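1. Take a look and give me a structure for this.
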Amino acid sequence: MPRVLHTSQALVDVILEVDALPERGGNANARRETTYAGGAVTTLIAAARTGAQAVHGGAHGTGPRGDLIREALARDGVALSDAPRPEADTGYCTVLLEPSAERTFVTVYGAERQITAASLATLDPRPGDLLCVSGYSLFEPTREPLLEFLEALPEGVSVVLDPGDPFAHFPRAVQDRVLARTTVWTSNADEARALTDLDALEDTPASIRRRLAPGAVIVVRDGERGCLVFHHGRGTEIPAFPQQAVDTNGAGDTHTGVLLAERALGADWESAATRANAAAAIAVTRRGTESAPTRFEVDAFLA
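-> You can find the predicted model right below:
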C-alpha cells in the first residue's frame, strides 16, 4: 500500500482563546489556553485514523515539546523516520483564536528547522508514496535541503504541495523548482488566487495546472462551499457539509490527510475529496489540532 509521508514541521500549538485581537500596543486576556501537537502532525494523524500508513520525516527536538509531538504521533501509530535532535527542543506556534473561529499565528522556530537532504531521505520514499511538502518549509534554513531532497526523488513518488500563505510570495525561481516536481496541489481558495492573480476561483485550477508536472491533480478548498477537484482537463465541484465551527485550526490539514489516505487506499479523487470534506466538517466542531475523525466516524457522518 502507498504511504502518506510528510517532510514538514511538526510544531506544538499553544492556543489562546480571546474575545478579540487587541489593537497594536494593546492588551487582551485569554479565556482559555490549550496545548496540542500541530503542523504536520495534524495531516499525519488524519491519514492514520483513515487507515493509511503514515510517516513523519521532519526533525523533532528533545524536551517537553518534542516529547508531546512524539506522544501524539505514537497514539495513532504514525512512525518517525528520523532521530530527535539532542541539542534543541521542538518549536511552537501561538494561536490567537477568536469566537468567529478566525486564527492569528506567531511561530517560534526550534529543532524542527534542523533538516538536511539526508535526514529527509530517511523517509525512503518509494514509487506510489504520497509525499507532503509545505510552503512554510521554503523559508530559510529549510529551503535548500528540501529542494535538494525533492530533486533527487525517484520516479513515481507523488509530491503533494500544500503551499500555505507564503508560497505565492517566494521568488518565481523557487516556485518553479517546487512546482516542476509537484503532482498534487492542495490549497485553500485564497492561496490559489494568490498564485494565479485570478479572482474567479473556477479559473485557478487550469492556471495552476500549467505550472505543474504532467498529469498533476489540483484540489482547491473553498470552506463551506466544499472543494474543486481538477484533473484530466476537467473540474468537479465536491459539496461541503456546513457545520457550526468552534475551531477551524487544522481543518485544512485534516482535509489533506484524509484525501491522501483515501487515495492510498485506492479511492478515486472525487470519492476521496467527498470523505475529506466530511472529515473537515467534523473537525471544525472540535477544539484543537488533533481533531481528525476516525474512518468509522466519517462513515457514520456520511450515512
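
2. OK, contacts around the most centrally placed residue in the chain?
-> Geometric centre of the chain, nearest residue: residue 253, 3.9 Å, by Cα atoms, centre = their mean. For residue 253, the contact set (Cβ atoms under 8 Å, 6 or more residues apart in numbering) comprises 39, 40, 42, 43, 46, 162, 289. Using the backbone N, CA and C atoms, a C-beta is placed for each residue, glycine as well.

3. again, 7 Å this time
-> Contacts for residue 253 (Cβ atoms under 7 Å, 6 or more residues apart in numbering) come out as 42, 43, 46.

4. for residue 156, same thing?
-> 127, 128.

5. Please, which helix or strand holds it?
-> Per DSSP states H and E, residue 156 falls between elements, in no helix or strand.

6. Spatially nearest residue to residue 190 (excluding sequence neighbours)?
-> Once flanking residues are discounted, residue 190 sits nearest to residue 165: 7.6 Å by Cβ to Cβ, 6 or more residues apart in numbering.

7. Wasn't that neighbour part of a helix?
-> No: counting by DSSP: H, G, I helix; E, B strand; the rest coil, residue 165 is not found in a helix; it is coil.

8. How about the secondary structure of the residue nearest to the centre of the chain?
-> helix.

9. so how far is residue 65 from the closest residue to residue 122 other than its chain neighbours?
-> In this structure, residue 122 finds its nearest non-sequential neighbour in residue 81, 4.1 Å apart by Cβ to Cβ, 6+ apart. Applying Cβ to Cβ, to the nearest Å, the value for residue 81 to residue 65 is 19 Å.

10. residue ranges for the strands of the chain, please.
-> 4-6, 10-18, 30-39, 54-56, 79-80, 92-97, 103-108, 130-134, 158-162, 184-188, 217-221, 227-231, 234-238 (DSSP state E).

11. so residue 182 touches residue 215, yeah?
-> No: in terms of Cβ atoms under 7 Å, residue 182 does not count as a neighbour of residue 215; the distance is 11.1 Å.

12. More neighbours: which of the two?
-> In terms of neighbours (other Cβ atoms under 10 Å), residue 182 is the more surrounded of residue 182 and residue 215; the figures are 22 against 10.

13. Can you report phi and psi for that one?
-> Note on residue 182: its backbone torsions stand at phi -80, psi 130 [degrees, to the nearest 10].

14. Could I get the contacting residues of it?
-> Taking Cβ under 7 Å, 6+ apart as the test, what residue 182 contacts is 159, 161, 212, 213, 216.

15. Show the buried residues in the residues you listed.
-> For the contacts of residue 182, a neighbour count by 16 or more other Cβ atoms under 10 Å gives the buried set as 159, 161, 212, 216.

16. can you pull the contacts of the last one?
-> Going back to what we said before, that points to residue 216. 182, 183, 184, 185, 209.

17. State the distance from it to residue 163.
-> With Cβ to Cβ as the criterion, residue 216 and residue 163 are 13 Å apart.

18. Need the residues touching each of the two.
-> By Cβ under 7 Å, 6+ apart, no residue touches both residue 216 and residue 163.

19. for the residue nearest to residue 226 when sequence neighbours are not counted, what are its contacts?
-> Among residues not flanking residue 226 along the chain, residue 240 sits closest, at 3.7 Å (Cβ to Cβ, 6+ apart). For residue 240, the contacting residues are 224, 225, 226, 277, 281, by Cβ under 7 Å, 6+ apart.

20. where does this structure have low pLDDT?
-> The chain contains no residues with pLDDT under 70.

21. and the spatially closest residue to residue 9 that is not a sequence neighbour, how many neighbours does it have?
-> Nearest residue to residue 9, sequence neighbours excluded (Cβ to Cβ, 6+ apart): residue 112, at 4.1 Å. Close neighbours of residue 112, defined as other Cβ under 10 Å, add up to 28.

22. With that, I have no additional questions.
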